[in-house]
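Asks: what follows is a predicted protein model with its sequence.
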Amino acid sequence: KTYIVRVPATTANIGSGFDTLGMSLGLYNVVQFVPDENVKLEDTMIDAEGEGVDQITTGLDNMIIKAMDVTASKAGRTLPGGSMYLINRIPFARGLGSSSAALASGVFLANLLMGEPFNRKELLDITAEMEGHPDNAAPAILGGFCMALIENGNVVAERIDIPSQWKAVVAIPDFELHTEKARAVLPASYVRSDVVHNIGAVSFLMAAFMYNKPEYLKFGLDDHVHVPYRLGLIPGSEEVIRSSVKAGAYGATISGSGPTIIAFSPSDKAHLVGESMVSTFKHHGITSSYIVLDFD
Ligand code: HSE
């Protein structure tokens with residue numbers, strides 16, 4: 001028997017919603033697994049195609065295997081290994097939720113193999129605990145546009161739908177930026193004016209999506225908590241954001257912890273927006289490619 005799971009890419013933060021907001025995108029990793037009772041979980045054979053095939057780790061160093069192991073032990077079980085085939089479409093370490101996708105697929109797979117002892121909310125708790133913040137995990141597991149926070153170790157999450165005529169245009173630079181590095185540049189505390197600014201920004205961000213008011217995005221994406229500190233890690237990013245708006249996007253920001261820049265765009269402008277972002281990156285010596293995506 002082959003078990004198959006499919007998990008979406010996700011974009012976290014959406015400007016002002018640092019560590020709290022995220023959305024799923026129509027770009028997926030697929031994991032196929034054939035269990036074999038004679039093989040230990042950590043001895044699972046892994047083969048892959050697509051993104052990062054030369055970086056695939058094995059055993060418990062592999063995030064999918066690790067997540068399967070953690071999920072099984074939460075249920076007081078051990079799982080067999082077997083053979084695994086990965087179809088990777090989400091680029092690694094680019095701010096598109098590849099680590100959440102790996103963790104979520106392991107958690108889902110383990111749950112399927114055990115006859116589904118956990119519900120979706122419990123699967124989200126396990127994934128978010130492993131990742132440390134819930135903003136990619138929630139949309140990876142629930143889909144849509146999610147708000148999430150952690151209270152007493154439990155994830156509280158809510159999903160809302162995104163206006164269907166909006167597109168996400170992601171410009172993906174050809175270099176990796178690891179979340180650890182992008183978190184290390186953030187201050188440990190903030191002044192009141194920045195906190196107040198972000199409370200206002202996130203309120204308008206929600207209104208933009210919930211009431212289909214794209215004109216509010218420029219306020220909602222104007223973050224004072226992480227974006228200003230990270231722009232310097234991504235050459236040309238400020239200009240890329242500006243060029244996307246000039247080309248017709250409603251607004252743009254860093255996707256997750258970067259280096260991808262995500263623009264929200266009406267569908268008829270999406271390709272112009274993508275081309276303009278890529279050529280602006282190029283102007284700053286950065287090779288990138290763009291993809292126009294639906295929201296999941
Ligand atoms: N909220 C996280 C961050 C997302 O911005 O650091 C990246 O995993």
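Replies: Thanks, I have it.
Asks: Glu42 and the ligand, how far apart?
Replies: 26 Å (C-beta to the nearest ligand atom, to the nearest Å). To be clear about C-beta, it is placed using only N, CA and C from the backbone, and glycine gets the same treatment.
Asks: just checking, that residue is part of a helix?
Replies: Yes. Under DSSP: H, G, I helix; E, B strand; the rest coil, Glu42 sits within a helix.
Asks: I'd say His226 and Phe18 touch.
Replies: Yes. Contact criterion C-beta atoms under 8 Å: His226 and Phe18 qualify, at 4.9 Å.
Asks: looking at those two, which is more packed in?
Replies: Using other C-beta atoms under 10 Å, the more surrounded residue of His226 and Phe18 is His226, with 24 against 20.
Asks: near the ligand, which residues of this protein?
Replies: Residues of the chain found near the ligand (C-beta under 6 Å from any ligand atom) are 12-13, 18-19, 133, 135-136, 179, 182-183, 226, 256-257.
Asks: go again using 8 Å as the cut-off
Replies: In this structure, the chain approaches the ligand at residues 12-13, 18-20, 22, 95, 97, 99-100, 131, 133, 135-136, 179, 182-183, 186, 226, 256-257, judged by C-beta under 8 Å from any ligand atom.
Asks: just the ones of these in strands?
Replies: Those of those mapping onto strands are 12, 22, per DSSP state E.
Asks: buried ones among the residues of the chain next to the ligand?
Replies: 12-13, 18-20, 22, 95, 97, 99-100, 131, 133, 135-136, 179, 182, 226, 256-257 (16 or more other C-beta atoms under 10 Å).
Asks: look through the stretch 1-150 of the chain and state the residue closest to the ligand.
Replies: Ala12 (3.9 Å; C-beta to the nearest ligand atom).
Asks: so that residue makes contact with Ser24?
Replies: No. Between Ala12 and Ser24 there is no contact under C-beta under 8 Å: 10.6 Å.
Asks: helices or strands up against the helix of greatest length in the chain?
Replies: As assigned by DSSP state H, the longest helix anywhere in the chain is helix 192-210. Contact here means 3 or more C-beta pairs under 8 Å, 6 or more residues apart in numbering; DSSP states H and E; on that basis helix 192-210 packs against helix 217-220.
Asks: gap between the helix or strand just after the helix it packs on and the chain center?
Replies: Per DSSP states H and E, helix 217-220 leads on to helix 227-230 as the next helix or strand towards the C-terminus. Computed by C-alpha atoms, centre = their mean, to the nearest Å, the chain-centroid distance of helix 227-230 equals 18 Å.
Asks: next, give phi and psi for Pro214.
Replies: phi -60, psi -20 (degrees, to the nearest 10).
Asks: apart from its chain neighbours, what residue comes closest to it?
Replies: Tyr250 (4.0 Å; C-beta to C-beta, 6 or more residues apart in numbering).
Asks: need the pLDDT of that neighbour.
Replies: We have a pLDDT of 96 for Tyr250.
Asks: what about it, how many neighbours?
Replies: Residues near Tyr250, counting by other C-beta under 10 Å: 22.
Asks: also Asn152?
Replies: 5.
Asks: and it, how far from Leu142?
Replies: 20 Å (C-beta to C-beta, to the nearest Å).
Asks: same check on Trp166?
Replies: In terms of C-beta to C-beta, Trp166 sits 19 Å off from Leu142.
Asks: all strands of the stretch 1-150 of the chain, in order?
Replies: For the stretch 1-150 of the chain, applying DSSP state E, counting those that start in this stretch gives strands covering 3-12, 21-40, 45-50, 80-88, 145-151.
Asks: and the third one, how far out from the chain's middle?
Replies: A distance of 21 Å separates the C-alpha centroid of strand 45-50 from that of its chain, computed with C-alpha atoms, centre = their mean.
Asks: who's in contact with Leu221?
Replies: Leu221 is in contact with 14-16, 201, 205, 251-253, counting by C-beta atoms under 8 Å, 6 or more residues apart in numbering.
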